[in-house]
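Novice: Sequence isn't available, so here's the structure alone:
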């Protein structure tokens, strides 16, 4: 049984929006403001622009090769199995974090009324035993909805889309109308740790902003099930980013303006009010807008749950593709009578539950996800340039103009955002990547992957890329770095680094003269 083309352009667009509008809108405006103050608005513009540029590269690739789990399949075509495994492993681990993040957000909001769900450890809300039980129930519910019925999934997704967008628009206009202080935007931005542009860029990576746009990858992972590709893929991948950027900007402006000036007396990083685990709910309560408060608490369960549900859908496609290639056991690509990869969904559930242990708290989970997810984004501009060279005459229903400079800029943005997450997060990702190498070694030795298609030549760019990013992060000025590379110079160093790595990646690409390339091309185009 094979996956079928069943998602219309509108349904895929709504899936991407629902995947993007989760816990980010509930928490990111608070965390971004604490880090960058009113500069959070600039941070949203930077994050949205960077993500849109990156998304454009995937739009052409996913229309050209509409396969399930594109994060695993497309690198295999451009650079062989070794590169494909590394990038799909990183993407899978990152996407796997999403459902737990959204469950954490639901329970963190609910703990305002049900205090037994969380307790505070060094100011961070941590799930209690009862909280973990409810986390298990929610995670299981996402899995069951995903395997029960395709029509049910699409209908449920539509209802969530309408409700979530309506609540956000109501929240923006209500807060601006009821309590808006323009003077807040002139208050000095930054905190005791970071100021100015460094604060703004830190907010992009660790304040939930880069995380807020990760949903655009749903269109990449579900491309193998999409109809009318030339419309559906660009709309889902790029259109969703632009729509959400407008919503997030409105929320950030409303949040900053609604704060009482006295709340900023001790600096942005000291923002505190009733309902701090749910900033918009705290504002609504403080302003006495009870109807909005009740609506927000309903949406606090609906928005993250909807995003978690969609991530269960797309993350299973990454694991499905990894299983088809041979990185993980073949049984994980088995489908039920609804053409859903059941085994992949439930394995993701089991591993996802473990993530509540090493990454407690919403913001800690987000930083890890962003660092890994953005590294997986880097394959978009690389693969696009490689396949432009190898398949110059291939018919493209969607063709990105100015591909060369846009791909270089997209790759640069990927590396900057990863660097901004900081050393404290990057080293944890490095450990996860090393574990992945062990799994690949087992797959290679037992012969479950095509050894002739591994292309270890690709390590000539992969090893310098991952090692270089780790070293720059260690020496840099963000998140526990040694600050040997001063802020400002790191931009130039990463620019040079990005150009060199991109050149190496193109030089080590798979060529159309190889049997593996021809076989992969035939498979991808079926």
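Specialist: That came in fine, so what should we check first? Being a predicted model, the structure only gives us computed values, none of them experimental.
Novice: what's the nearest residue to the residue nearest the centre of the chain if we skip its chain neighbours?
Specialist: Nearest to the mean C-alpha position of the chain, by Cα atoms, centre = their mean, lies residue 214 at 2.8 Å. Of all residues not flanking residue 214 in the chain, residue 373 sits nearest, at 5.3 Å (Cβ to Cβ, 6 or more residues apart in numbering). C-beta coordinates here come from the backbone N, C-alpha and C atoms, glycine included.
Novice: where in this protein is pLDDT low?
Specialist: Across the chain, the ranges flagged by pLDDT under 70 are 1-4, 122-124, 149-150, 152, 188-195, 272-278, 357-370, 449-454, 512-526.
Novice: what about the strands in it?
Specialist: For the chain, the strands defined by DSSP state E occupy 118-121, 124-127.
Novice: possible to save those strands as CSV with mean neighbour count and distance to residue 43?
Specialist: CSV is the format used below for the strands of the chain (neighbours: other Cβ atoms under 10 Å; distance: least, Cβ to Cβ, whole Å):
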stretch, mean neighbour count, distance to residue 43
strand 118-121, 14, 27
strand 124-127, 19, 22
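Novice: Including distance to residue 199, could the ones you listed go into a markdown table?
Specialist: As requested, these are exported to a markdown table (distance: least, Cβ to Cβ, whole Å):
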| stretch | distance to residue 199 |
| --- | --- |
| strand 118-121 | 25 |
| strand 124-127 | 21 |
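Novice: Those strands: which one's closest to residue 186?
Specialist: strand 124-127 (31.0 Å; Cβ to Cβ).
Novice: Pairing partners for the closest one, with directions?
Specialist: Partners of strand 124-127 in the sheet, by DSSP bridges, are strand 118-121 (antiparallel).
Novice: any idea how far the strand it pairs with is from the chain center?
Specialist: Distance, stretch centre to chain centre, for strand 118-121: 26 Å (Cα atoms, centre = their mean, to the nearest Å).
Novice: Which residues outside it are in contact with it?
Specialist: For strand 118-121, contacts defined as Cβ atoms under 8 Å, 6 or more residues apart in numbering pick out 107, 108, 111, 125, 126, 127, 128, 131, 277, 360.
Novice: and those as TSV, adding distance to residue 492?
Specialist: As requested, the contacts of strand 118-121 are exported to TSV (distance: Cβ to Cβ, whole Å):
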residue	distance to residue 492
107	43
108	39
111	45
125	39
126	40
127	42
128	47
131	45
277	40
360	37
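Novice: which of the residues you listed tops the neighbour count?
Specialist: Neighbour tally across the contacts of strand 118-121 (other Cβ atoms under 10 Å): the maximum, 27 neighbours, falls on residue 107.
Novice: In contact with that one, which residues are there?
Specialist: Residue 107 neighbours (Cβ under 8 Å, 6+ apart): 117, 118, 127, 131, 134, 135, 138.
Novice: how about a cut-off of 10 Å?
Specialist: Residue 107 sits next to 114, 117-118, 125, 127-128, 130-132, 134-135, 138, 277, 300-301, 304, 356, 362 when contact means Cβ atoms under 10 Å, 6 or more residues apart in numbering.
Novice: Check the gap between the residue nearest to the centre of the chain and residue 260 for me.
Specialist: 32 Å (Cβ to Cβ, to the nearest Å).
Novice: What of residue 436?
Specialist: 48 Å.
Novice: Same check on residue 83?
Specialist: Taking Cβ to Cβ as the measure, residue 83 falls 52 Å from residue 260.
Novice: So which of the two has more stuff around it?
Specialist: Shown here are residue 83 and residue 260; by other Cβ under 10 Å, residue 83 has more neighbours (27 against 14).
Novice: any chance you could map the helices in the stretch 151-300 of the chain?
Specialist: Secondary structure of the stretch 151-300 of the chain (DSSP state H, counting those that start in this stretch): helices at 196-206, 209-212, 218-221, 229-234, 240-258, 279-287, 290-325.
Novice: quick one, which of the ones you listed is nearest to residue 428?
Specialist: Nearest of those to residue 428, taken as Cβ to Cβ: helix 196-206 at 13.3 Å.
Novice: so what secondary structure elements neighbour the closest one?
Specialist: helix 23-36, helix 40-64, helix 209-212, helix 362-377, helix 403-420, helix 423-445, helix 489-507 (3 or more Cβ pairs under 10 Å, 6 or more residues apart in numbering; DSSP states H and E).
Novice: quick one: the longest one to helix 240-258, angle?
Specialist: In this structure, helix 40-64 runs at an angle of 170 degrees to helix 240-258, with axes from the mean of the first three to the mean of the last three Cα atoms, to 10 degrees as the basis.
Novice: Can you check what angle separates helix 40-64 from helix 196-206?
Specialist: Using the same axes, to 10 degrees: helix 40-64 against helix 196-206 is 40 degrees.
Novice: again with the fifth one
Specialist: Angle, helix 403-420 to helix 196-206, by the same axes, to 10 degrees: 90 degrees.
Novice: buried stuff in helix 403-420?
Specialist: Within helix 403-420, the residues scored as buried using 16 or more other Cβ atoms under 10 Å are 403, 406-420.
Novice: With the last one instead?
Specialist: The neighbour-count check on helix 489-507 (16+ other Cβ under 10 Å) flags 490, 494, 497, 498, 501, 502, 504, 505, 506 as buried.
Novice: As CSV, the residues you listed with distance to residue 397 would be great.
Specialist: Formatted as CSV, the buried residues of helix 489-507 follow (distance: Cβ to Cβ, whole Å):
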residue, distance to residue 397
490, 39
494, 34
497, 34
498, 29
501, 30
502, 25
504, 30
505, 25
506, 24
